[in-house]
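[1] The sequence and its predicted three-dimensional model are supplied below.
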Amino acid sequence: LERLFAERSGVRHALAVNGGTGAIMASLVALGVGPGVEVLVPGYTFVASISAVLAVGGIPILTEIDGSLTMDPGALSEKITGRPRVIMPVHMLGNPSAMESIMAVARRHKLLVLEDCCQAVGATYRGKGIGTIGDIGAFSLNINKTITSGDGGIVITDDTGLYERAFAFHDQGHK
């Protein structure tokens, strides 16, 4: 499953986990989110996007959404206080976030990007698969999702270091 998901996504690494929330948590930990670290999350999302940040000790900072029902990149900068580490756009209801603009904000402020792809498996943004544009992507295979295994989740990334940290989080510190 991991090999096929990585190949289909066009990335070097995929990690199967217990669910979409677990995929978000493993991704957050891989990106260095822990106690007191701020994560910018859109105000319109499924609760797991926010509860995963809280579960690893991070602080969710809610951002505005635009007419696409995803993160409004134009309103992101006003939420950046100097303390955030991660921007977490959520591709809602199969609709990709404006990743080009979000990545520009991330680069300008030296922030990492976790794409929450749990509600948009298979979606693309300007010809590129979601989850492959930011630093790491988290997917859900829950019974209510487009592609399902009953439950489960997948983390994808091209970054070997991020993959190894996500793997360690999901498997008691093993590399």
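    Arrived safely, thanks for sending.

[2] Contacts for the worst-scoring helix or strand of the chain on mean pLDDT, please.
    Least confident helix or strand of the chain, by mean pLDDT, DSSP states H and E, is strand 84-87 with a mean of 92. With contact meaning C-beta atoms under 8 Å, 6 or more residues apart in numbering, strand 84-87 is reached by 28, 31-33, 37-40, 58, 61, 71, 76, 102, 105-106, 109, 111-114, 134. Placement of C-beta: from N, CA and C, glycine included.

[3] residues near Tyr87, how many?
    That one is not Tyr; residue 87 is Ile. By other C-beta atoms under 10 Å, 29 other residues sit near Ile87.

[4] Hmm, I typed the wrong one, I wanted Pro89.
    A count of nearby residues for Pro89, using other C-beta under 10 Å, gives 31.

[5] go on, Gly74?
    Counted with other C-beta under 10 Å, residues neighbouring Gly74 total 12.

[6] Quick check: pLDDT value at it.
    pLDDT for Gly74: 94.

[7] What of Lys175?
    What the model reports as pLDDT for Lys175 is 74.

[8] likewise Asp171?
    In this model, Asp171 is scored at 87, pLDDT.

[9] Please report how far Ile133 lies from Ser97.
    Distance of Ile133 to Ser97, computed by C-beta to C-beta, to the nearest Å: 9 Å.

[10] got it, and Gly74?
    Separation of Gly74 from Ser97 (C-beta to C-beta): 12 Å.

[11] Perfect, I'm done here.
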